[in-house]
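*Asks:* dropping the sequence and predicted coords here.
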Amino acid sequence: MQKQKYDGVIFDLDGTLWDSVKSVVDIWNKALASVGIEPTMNYDELSKCMGLRIEQIFDRVIPQATQKQRELIKERCLETEKDYLAKHGGVLYDNVEDTLKELQKEYRLFIVSNCQDGYIQAFFKAHGLQKYFEDYECAGRTGLSKGQNISLLAERNSLENPIYVGDTISDYEATVEAEVPFLFARYGFGDVENARLIADSFEDIKLKLKEEICI
């Protein structure tokens, strides 16, 4: 008798479900200008930072910023980002909702991201996709690493064998920490050389999970 190998699918958000970089670049540049730093953030630069925690983004793109400037930038980004994205949204990858609808028939669906609290809710509000997900967690709410949040969500929802879908090496490292399988969303922002399972589009995720059916 065939059965699903996984009892839950946990998704990353940026680079996996949507691309919000264009909107976030505008928000960051306004925040940088407000504290006296030249607003030079661009799409390519920020896309390489997606999936990182905000402190890591500071270290990478504005290492010259003082601690006071960092605090002000963070405060102003957080003030603006959630409301802006809830209203304007981002760019969903092709066939996201249709694929989620199909996946929900066979799997329990979740989100874990390194974002601030309110970012996932903005994604839901902008695109009306909350109905497909049972639960979500983020670094901004718990202060934990992505791996710890994957474990926390899995325990909270009694998942015995979930799989995590993400697009960056930090996503892969989080699954190693959480000891769960990883499905690489190669269409996203990152590159993971040692991924065993690879999806070349969002719709392809459904096909790759089908290949993982147990006998």
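*Replies:* Great, that's in hand. Numbers count the residues shown, from 1 in each chain.
*Asks:* the chain: strands as residue ranges?
*Replies:* For the chain, strands defined by DSSP state E occupy the ranges 8-11, 18-19, 91-92, 108-113, 135-138, 162-166, 182-185, 197-199.
*Asks:* can you redo those strands as TSV with distance to Met50, mean neighbour count and mean pLDDT?
*Replies:* (Glycine included, C-beta is placed from N, CA and C.) As requested, the strands of the chain are exported to TSV (distance: least, Cβ to Cβ, whole Å; neighbours: other Cβ atoms under 10 Å; pLDDT from 0 to 100):
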stretch	distance to Met50	mean neighbour count	mean pLDDT
strand 8-11	14	26	98
strand 18-19	8	20	94
strand 91-92	13	14	96
strand 108-113	10	24	98
strand 135-138	14	21	98
strand 162-166	10	26	98
strand 182-185	12	26	98
strand 197-199	17	17	97
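*Asks:* need those in a markdown table with distance to Glu75, can you?
*Replies:* Output for the strands of the chain, formatted as a markdown table (distance: least, Cβ to Cβ, whole Å):
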| stretch | distance to Glu75 |
| --- | --- |
| strand 8-11 | 28 |
| strand 18-19 | 24 |
| strand 91-92 | 27 |
| strand 108-113 | 20 |
| strand 135-138 | 18 |
| strand 162-166 | 28 |
| strand 182-185 | 31 |
| strand 197-199 | 36 |
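*Asks:* so which of those strands gets nearest Gln121?
*Replies:* strand 135-138 (8.5 Å; Cβ to Cβ).
*Asks:* tell me what the lengthiest helix in the chain is packed against?
*Replies:* Counting residues, the longest helix in the chain under DSSP state H turns out to be helix 67-88. Applying 3 or more Cβ pairs under 8 Å, 6 or more residues apart in numbering; DSSP states H and E, one finds that helix 67-88 contacts helix 21-34, helix 54-61, helix 119-127.
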